[in-house]
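# from the sequence below, what's the structure:
(one chain, ligands or ions: 1)
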Amino acid sequence: MILVTGTGGALGQLIVGELAGRDDVVLGTRTPRSTTERRVDFDDPSSLDFTGVDTLLIVSAGYGEDDVVIARHDAAISAAEKAGVRHVIYTSLSGDGDHLPYALAHRWTERRLQVGPLAWTILRNGLYAEFLAAIAAPGPDGTIAAPLGTGRLAAVARADLATVAARVAAEPARHAGRVYELVGERALGGADLAAAIGGSYEPCSLGAAREAITEAGEALPYQVPMLVGTYSAIAGGFLDGDAIEDNALRALLGREPSSALDAYKAAVAG
Ligand SMILES: NC(=O)c1ccc[n+]([C@@H]2O[C@H](COP(=O)([O-])OP(=O)(O)OC[C@H]3O[C@@H](n4cnc5c(N)ncnc54)[C@H](OP(=O)(O)O)[C@@H]3O)[C@@H](O)[C@H]2O)c1
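Numbering: from 1, shown residues only. As a prediction, the model looks like this:
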């Protein structure tokens, strides 16, 4: 049996779509809506009974401070160990993402798996093209005002990452002990994004972005440095994919990766 967590989220839903047709897949979510779904909340140990699960696909539950996220992932892995799960797959963060404010919890989780007794596979996902659409969205006049400087992001279509996760979950033993880097093959900068939507790119400062995020009032306190740190890492040239030596995306997809620019455009169009 394969249990996928976070199936109410965007990545989890896509993974479930990829696994459709199999009768051995259980959908884990904090809020089950049907009998085929099972309540799985990393914050609630009583919901973490993985009895009978062979392969646990943990979609990272990254919304929180480091200690919160670490505790969640630790609880999920500990429960898997207790239940005798054979193989844990974890959706992590690309190796060039170590400057990102949320990298630590991912690396902690990778290490937790690597020193533990279970078979594991780590999927080091690059930042989604859809996430880029959120942080570099055009305004009503088509202007993208974001502090990306001349930096570029090796963004990847979220759907491609779901396809890879499902393929690995279907044949986990083939992928045991592997850390896969999964980033886009073409890095996108502000000018590329603007050209794709027929708009313009007007880079702003990190300070201006921090002010705008804070003033909008939608971000929780811990999210402000996360967003600003993401811009900073892209602008600093850390996430353009050049530092990734072994990008496994194409090989694990078994085809050409989807266009991240198309995914960006589709997400922007809503
Ligand atoms: N690579 C990127 O660009 C990027 C961007 C944003 C986030 N991420 C990370 O990748 C993960 C998946 O991305 P996504 O696009 O699917 O994000 P998403 O649509 O926001 O979904 C996140 C899901 O995480 C699950 N979750 C949250 N708290 C949880 C908890 N306490 N226990 C168990 N599950 C919990 C929830 O699933 P249920 O609703 O089913 O409980 C939630 O829907 C995120 O959680 C985050 O860690 C990556």
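
# of all residues in this protein, which one is nearest the centre?
Nearest to the geometric centre of the chain sits Asn125, at 5.5 Å (CA atoms, centre = their mean).

# pLDDT wise, what is that residue at?
pLDDT, Asn125: 98.

# point out the other helices and strands that whichever helix in the chain runs longest packs with.
The longest helix of the chain (DSSP state H) is helix 66-83. Judged by 3 or more CB pairs under 8 Å, 6 or more residues apart in numbering; DSSP states H and E, the packing partners of helix 66-83 are strand 55-58, strand 87-93, helix 103-114. Every residue, glycine included, has its C-beta placed from N, CA and C.

# measure Ala146 to the ligand for me?
According to CB to the nearest ligand atom, to the nearest Å, Ala146 stands 15 Å off from the ligand.

# for that residue, phi and psi?
When read as degrees, to the nearest 10, the backbone of Ala146 gives phi -140, psi 150.

# report pLDDT for the closest residue to it other than its chain neighbours.
Spatial nearest neighbour of Ala146, chain neighbours left out: Ala136 (4.3 Å); criterion: CB to CB, 6 or more residues apart in numbering. In this model, Ala136 is scored at 97, pLDDT.

# Ala136 contacts Leu193, doesn't it?
Yes. Between Ala136 and Leu193 there is a contact at 5.7 Å, judged by CB atoms under 8 Å.

# spell out which parts of this protein neighbour the ligand.
With CB under 6 Å from any ligand atom as the criterion, the chain meets the ligand at residues 5-12, 29-30, 40-43, 59-63, 72, 91, 125, 127-128, 131.

# try it again at 5 Å.
6-11, 29-30, 41-43, 59-62, 125, 127-128, 131 (CB under 5 Å from any ligand atom).

# are any of those residues buried, and which?
Neighbour-count burial within the residues of the chain next to the ligand applies to 6-9, 11, 29-30, 41-42, 59-62, 125, 127-128, 131; the criterion is 16 or more other CB atoms under 10 Å.
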